[in-house]
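In: Please work out how this folds:
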Amino acid sequence: MHDLYYKGRIHTRVNHVKTGYNSKRTVKLGTEKNPLTLVVSSEEKKHEVATLVADNGLFADITLDSTLEENINELNLVLNKPSTSWFDKTPKRNDPCSCGSERKYKKCCG
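Out: Numbering: from 1, shown residues only. Below you'll find the model as predicted:
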């Protein structure tokens, strides 16, 4: 193909880095490639956290060290994802009012 096409415009080549294949994708936390890094202070807590990780199908590197501060923030972050909140739709003008007055919305609260 020519470098110039109709009306003398320069033909631009499509670069796969800018479009198409996403080369800068981040790996999801808690997978085999990117396991959770957790620090616990006791053997009982390690067993409890390992059970919790296994029940949720995650992967984690659990370190037992009583000198360091316990850190399971990554696990809490993965388990307590914020959920989508839903709101009631605003009634249209001629719909019954939601306050229970049995009047039209436009004559009551609208």
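
In: how many other residues sit next to residue 59?
Out: Number of residues near residue 59 (other CB atoms under 10 Å) recorded here: 14. Any C-beta I mention is one placed from the backbone N, CA and C, and that applies to glycine too.

In: Which of the three states applies to the residue lying closest to residue 29 once chain neighbours are set aside?
Out: Counting by CB to CB, 6 or more residues apart in numbering, residue 78 is the residue found nearest to residue 29 once chain neighbours are left out, at 6.0 Å. Under DSSP: H, G, I helix; E, B strand; the rest coil, the three-state class of residue 78 is helix.

In: can you confirm residue 66 is in a helix?
Out: No: judged by three-state DSSP, residue 66 forms no part of a helix; its state is coil.

In: That one: neighbouring residues, count only.
Out: 9.

In: May I see the buried residues of whichever strand or helix holds residue 48?
Out: Assigned by DSSP states H and E, residue 48 belongs to helix 43-55. Residues 46, 49, 53 are the ones in helix 43-55 that count as buried (16 or more other CB atoms under 10 Å).

In: JSON lines for those residues, including pLDDT?
Out: Listed next are these as JSON lines, based on pLDDT from 0 to 100:
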{"residue": "46", "pLDDT": "93"}
{"residue": "49", "pLDDT": "93"}
{"residue": "53", "pLDDT": "93"}
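
In: any weak-confidence spans in the chain?
Out: Within the chain, the ranges that satisfy pLDDT under 70 run 1-24, 110.

In: at 90 what do you get?
Out: Scanning the chain for pLDDT under 90 picks out 1-31, 33-34, 65-69, 77-78, 80-110.

In: could you measure the most centrally placed residue in it against residue 30, distance?
Out: Taking CA atoms, centre = their mean, the centroid of the chain lies closest to residue 81, which sits 6.9 Å from it. Using CB to CB, to the nearest Å, residue 81 is found at 11 Å from residue 30.
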